[in-house]
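>>> attaching a predicted model along with its sequence, questions to come.
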Amino acid sequence: MAANQEPLLKKKVYYENCPGCVQEQKNEIHRGIPYREFLYVWTVTLCTGLPIASLFPYLYFMIRDLNIAKTEEDIGFYAGFVGASFMLGRALTSTFWGIVADKYGRKPVIVIGVFSVIIFNTLFGLSVSYWMAIVTRFLLGALNGLLGPIKAYSIEVCSQEHQALALSLVSTAWGIGLIIGPSIGGYLAQPAEKYPNIFSENSFFGRFPYFLPSLVISLFAIAVLISCIWLPETLHNHSKNAKVEAVEALPDHIKNNNNEEMEGSPPKQNLFKNWPLMSSIIVYCIFSLHDMAYTEIFSLWAVSGKSYGGLSFSSDQVGQVLAISGFSLLVFQLFIYPRLEKLTGPVLSARIGAILAVPLIFGYPFMTYLSGLELTIVVNCASVLKNILSVIIITGTFILQNNSVPQNQRGAANGLSMTAMSLCKAAAPAGGGIIFSWAQKRQHAFFFPGDQMVFFILNVVEFVGLIFTFKPFLELPSNLEN
């Protein structure tokens, strides 16, 4: 008798008018890939990723035009603080937005985040002073708290076998945003200089040379905001007075026991005592620090003159390199990464990515000795490979974090993760800009002269992150230990 009752006890009880239960039922019935929901996840994540790094190809010229730097060598110093202001704002509010997402739902936080992109990204493009640029970037970061909730959301709109793909879509869209964003900035900044037949010096875009890339990204955000009308909510909001079973009726004595077990959400644990979560966040922060510093340094290094160890690229050349990297990243993440993750798991794939990144970064300073087609091919190949390795690592940490907590704490956990990561990413552009400016003044030093020191420091951070992927620093969630 007991053996016959055991399967019934495992039947889930769903609640009427609960969006989380509706979505879970849908996941149970439709076991395939939820293409529409994944498209929402991808576009929303891309929307929040585009403005973060879109300024880097033209930031060097923007700081120059704002007349804040006294010498050319000081431009990197001031540029770093503009890049850091977004992450500082997000660091101060990410945990708050995660808690809001756990209490009121994922959708409201997503809508507010997309709306903030429309307003403050547009205002940044209209900046007429250094402090206006910093304030608008800070407010954009403070009100754009959707990356943490969208990671939780992505694994809630699909069945468990598609969760790796869901999180890889988030990291892919995020990575592509960090690559396509700069390519948009590189191609569209200073349009009156690049496309004089279309934009005159006396036109609106001639007076505001850095507005066009912000406008294009904001228009995309408007389209995403409209699509949020059809975005399904996934947070459980159980109504005690309206309970229905989603599968089949149970006998009364079993139903009563089962309903008691299903009532409410699992008890919340102290996230700071959850070492699998905290250790994965630490690893995530180290690699995020590295990636953000690399993103800014690559653009500054590429546009700086060869006399300073750079490549003497124009902003649109940098944009072209990043556009190629973005397309390659999309192909890799959609068709290769899910198979790689199933074969190696999230931790081993992250370790392989970190190991391969070290010699790759070591070779960057020597590209300045190349020219012409040879330089173009080498820079593009290096950029593609570096960004692929970064996404492998970051996606692995996403999987670890979201498997370390129950559903009712994913928003807060991802918010905590975003707070810590944003602090690191706030330090990265400021620190990277300061180090880059310092390195440009030591071109003839004996130990790692010029930009060699910059890439050496990037490698040190990458190596520290690699060490932290091993025990005792990293502890796997119980469901991933095997």
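Arrived safely. Numbering: from 1, shown residues only.
>>> only C-alpha atoms for contact and neighbour calcs from this point on.
Will do.
>>> OK, contacts around the nearest residue to residue 37 once chain neighbours are set aside?
In space, and not counting its chain neighbours, residue 37 is closest to residue 157: 6.6 Å by CA to CA, 6 or more residues apart in numbering. Contacts for residue 157 were tallied using CA atoms under 8 Å, 6 or more residues apart in numbering; they are 23-24, 27, 34, 37-38, 234.
>>> just those: which are in helices?
Residues of the contacts of residue 157 located in helices (DSSP state H): 23-24, 27, 37-38.
>>> returning to what we had before: can you pick the most crowded of the contacts of residue 157?
residue 234 (23 neighbours; other CA atoms under 10 Å).
>>> not including adjacent chain positions, what is the nearest residue to that one?
Residue 234 sits nearest to residue 20 (CA to CA, 6+ apart), 4.3 Å away.
>>> how about the strands of the stretch 351-482 of the chain, start to end?
Using DSSP state E, counting those that start in this stretch, no strands are assigned anywhere in the stretch 351-482 of the chain.
>>> just for it, where's the confidence low?
Along the stretch 351-482 of the chain, segments meeting pLDDT under 70 span 407, 479-482.
>>> try it again at 80.
402, 407-412, 414-415, 418, 425, 429, 443-444, 450, 477-482 (pLDDT under 80).
>>> give the buried residues for stretch 358-377.
358, 361-362, 364-365, 367-368 (16 or more other CA atoms under 10 Å).
>>> tabulate the residues you listed (CSV), appending distance to residue 284.
Formatted as CSV, the buried residues of stretch 358-377 follow (distance: CA to CA, whole Å):
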residue, distance to residue 284
358, 17
361, 19
362, 22
364, 24
365, 26
367, 29
368, 31
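>>> cross these against helices and list the overlap.
Per DSSP H, the buried residues of stretch 358-377 map to helices at 358, 361-362.
>>> tabulate those (JSON lines), appending distance to residue 427.
Below are these laid out as JSON lines (distance: CA to CA, whole Å):
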{"residue": "358", "distance to residue 427": "21"}
{"residue": "361", "distance to residue 427": "20"}
{"residue": "362", "distance to residue 427": "22"}
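>>> just name the closest of those residues to residue 272, please.
Residue 272 has its nearest neighbour among those in residue 358, at 31.3 Å by CA to CA.
>>> looks like the closest one contacts residue 463 (just checking).
Yes. Between residue 358 and residue 463 there is a contact at 7.3 Å, judged by CA atoms under 8 Å.
>>> which residue ranges of the chain form strands?
13-15, 243-245 (DSSP state E).
>>> the ones you listed: lowest mean pLDDT?
Taking the mean pLDDT of each of these, the lowest value is held by strand 243-245, a mean of 44.
>>> need the contact list for residue 40.
Shown in contact with residue 40 (CA under 8 Å, 6+ apart): 227-228, 231.
>>> ok, the nearest residue to residue 219 once chain neighbours are set aside - contacts?
Excluding its sequence neighbours, the residue lying closest to residue 219 (CA to CA, 6+ apart) is residue 118, at 7.4 Å. By CA under 8 Å, 6+ apart, residue 118 lies in contact with 217-219, 221-222.
>>> go with 10 Å
Applying CA atoms under 10 Å, 6 or more residues apart in numbering to residue 118 gives the contacts 47, 51, 140, 214-215, 217-222, 225.
>>> go on, residue 174?
Residue 174 neighbours (CA under 10 Å, 6+ apart): 42-50, 52, 147, 168, 180, 391.
>>> phi first, then psi, for the residue nearest to residue 37.
phi -100, psi 10 (degrees, to the nearest 10).
>>> quick one: contacts for the residue nearest to residue 367 when sequence neighbours are not counted?
Nearest non-adjacent residue to residue 367, counting by CA to CA, 6+ apart: residue 375, 6.8 Å away. Shown in contact with residue 375 (CA under 10 Å, 6+ apart): 311, 367-369, 381.
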